[in-house]
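A.B. asks: Could you look at this predicted model? Sequence included:
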Amino acid sequence: MSDVVSAISTPSRVADQDEGISVEELQLAARNHGLLSEAMRFDVTPIGLHYLLIHYDIPDLDPDAFALTVDGAVTTPLRLTVADLRARPRVTTRVTMECAGNGRAWFSPRPVSQPWLTDAVGTADWTGTPLGPLLREAGLAGDAVDVVFTGADHGVERGIEQDYQRSLTVDQALADEVLLAYEMNGAPLPSQHGFPLRLVVPGWYGMAHVKWLTTITVATTAFTGFQQATAYVMRQRPDEAGTPITRIAPRAQLIPPGFPDFMSRRRAMRPGACRLSGRAWSGHAPIVAVDVTTDGGATWRPATVDGTADQPRWAWRRFDCDWDAKPGSHRLAARATDADGNIQPLAPQWNRGGFANNMVQEIEVLVLDD
Ligand SMILES: Nc1nc2c(c(=O)[nH]1)N[C@H]1C(S)=C(S)[C@@H](COP(=O)(O)O)O[C@H]1N2
Ligand SMILES: [Mo]
């Protein structure tokens, strides 16, 4: 580590019990915006409403000079322009992506980082070419272990100067659904989402989907880069090796009903029969059930979950539940279960990085008098 660079960098820490959000956290929150929760009404999130997470700066890339390099433990290193990639088999996959830090700011004490509430999610149609056939053409060495993906963005984090890098094991990288994507919702990738090329790893938390992808290096030893082995790891204590973050834990979220107060965003609605709707997703297995409460968890009833086997596997599912809203204050929530039997917890499961906080979230709504 260079002392000069570490001088501008802060260590990881957990906020004091009653410590408010700092200007540094506000600065991150303003750069990396979430999905506006009412936008969950769209099956596909319009570009600009999809959440954003950019560790450093959007890199200054010259699209005309751009080429993807595939090197390391391969028989034939490759160099491919976006035109070369576009000439290969083309696939479009609808994918719900969620930041591993989504829900972090609900933890107490709060790990100090991007202070997400519950809005770091979005669904896009990603178009690109499958990664597996390309790796096979390059000829993976028999002793290949990891495939390392490097982005063009550069910065410093906890004293370590780095390019943004993540890896997958060879098996994970060869999965059919992994894409090298050059389009989002039918248009070339926007700069903020990785133009001209990004990795898409359906079912995984956002950190795996490397943006501004310039290099794929096949390695014969396990990759231990910062974002792989230090940052995105589930730990209770800072000195623990911990467990790497991989797939998205199940979550259901209601589209907030009624209308909000400008300042507090507390909600009000008219009484009577209405429909509560929302979205549910899991990176482990398809969503099989969503339960809804309108009385703060005293009672739950099943929502209707849209579609069955014909639903896009990697995208969120819509759910609906009818409700007769009576005047008064009500605490609403939804809870998802996936086909692997994973169910959202009711209590927070604290960890030091503030990851994968998929606890059930309540929305309070004031139902007005007739
Ligand atoms: N090169 C690069 N790729 C990156 C990141 C980054 O900062 N640099 N952020 C990651 C994280 S943590 C997330 S959650 C997703 C966010 O993708 P989006 O901004 O397109 O929603 O991108 C991932 N890929
Ligand atoms: Mo993230």
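C.D. replies: Structure's in. What do you need? Numbers count the residues shown, from 1 in each chain. Ligands and ions are numbered 1, 2, ... in the order given.
A.B. asks: Can you pull the poorly scored residue ranges out of the protein?
C.D. replies: Along the chain, the parts satisfying pLDDT under 70 run over 1-3, 308-310.
A.B. asks: Pull up the residues of it that are close to ligand 1.
C.D. replies: 50-55, 97, 99, 122, 151, 153, 164, 193, 206-207, 209-212 (Cβ under 6 Å from any ligand atom). (Each C-beta comes from the backbone N, C-alpha and C, glycine too.)
A.B. asks: Which residue would be the closest one in the stretch 251-370 of the chain to ligand 2?
C.D. replies: Per Cβ to the ion, Phe355 is where the stretch 251-370 of the chain lies closest to ligand 2, at 9.1 Å.
A.B. asks: show me where the stretch 51-200 of the chain has helices.
C.D. replies: 82-86, 131-138, 170-173 (DSSP state H, counting those that start in this stretch).
A.B. asks: who in the chain is up against ligand 2?
C.D. replies: 53, 99, 206-207 (Cβ under 5 Å from the ion).
A.B. asks: just these now: which is nearest ligand 1?
C.D. replies: Gly206 (2.3 Å; Cβ to the nearest ligand atom).
A.B. asks: isn't the residue of the stretch 251-370 of the chain closest to ligand 2 right up against Tyr232?
C.D. replies: Yes: Phe355 is within contact range of Tyr232, at 7.1 Å (criterion: Cβ atoms under 8 Å).
A.B. asks: who has more neighbours, these two?
C.D. replies: Between Phe355 and Tyr232, counted using other Cβ atoms under 10 Å, the more crowded position is Phe355 (28 against 22).
A.B. asks: looking at this, the more buried one is in a strand?
C.D. replies: No: counting by DSSP: H, G, I helix; E, B strand; the rest coil, Phe355 is located in no strand; its state is coil.
A.B. asks: shift numbering so it begins at 816
C.D. replies: Taking 816 as the first residue, the last one we looked at is Phe1170.
A.B. asks: Okay, it and Gly1018: tell me how far apart.
C.D. replies: Distance, Phe1170 to Gly1018, by Cβ to Cβ, to the nearest Å: 16 Å.
A.B. asks: List the contacts of the most centrally placed residue in the chain.
C.D. replies: Nearest to the geometric centre of the chain sits Glu913, at 2.0 Å (Cα atoms, centre = their mean). Taking Cβ atoms under 8 Å, 6 or more residues apart in numbering as the criterion, Glu913 is in contact with 935-936, 1020-1021, 1063, 1066, 1096.
A.B. asks: and if you look at His848?
C.D. replies: Contacts of His848 by Cβ under 8 Å, 6+ apart are 866-867.
A.B. asks: Check His870 too.
C.D. replies: 968, 970, 972, 979.
A.B. asks: coming back round to it: okay, and which of the residues of the chain next to ligand 1 map to strands?
C.D. replies: 912, 937, 966, 968, 979 (DSSP state E).
A.B. asks: quick one: contacts for the first one?
C.D. replies: Under the criterion of Cβ under 8 Å, 6+ apart, the neighbours of Met912 are 865-866, 936-939, 1021, 1024.
A.B. asks: mind putting these in TSV, neighbour count included?
C.D. replies: Shown next, in TSV, are the contacts of Met912 (neighbours: other Cβ atoms under 10 Å):
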residue	neighbour count
His865	22
Tyr866	21
Val936	26
Gly937	27
Thr938	25
Ala939	24
Gly1021	22
His1024	24
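A.B. asks: Can you give me the buried ones in stretch 1095-1112?
C.D. replies: 1095-1098, 1100-1109 (16 or more other Cβ atoms under 10 Å).
A.B. asks: what about the closest residue to Arg1085 other than its chain neighbours, neighbour count?
C.D. replies: In space, and not counting its chain neighbours, Arg1085 is closest to Leu1183: 5.9 Å by Cβ to Cβ, 6 or more residues apart in numbering. A total of 13 residues lie near Leu1183 under the criterion other Cβ under 10 Å.
A.B. asks: Would you agree Leu1183 is in contact with Ala1083?
C.D. replies: Yes: in terms of Cβ under 8 Å, Leu1183 counts as a neighbour of Ala1083; the distance is 5.8 Å.
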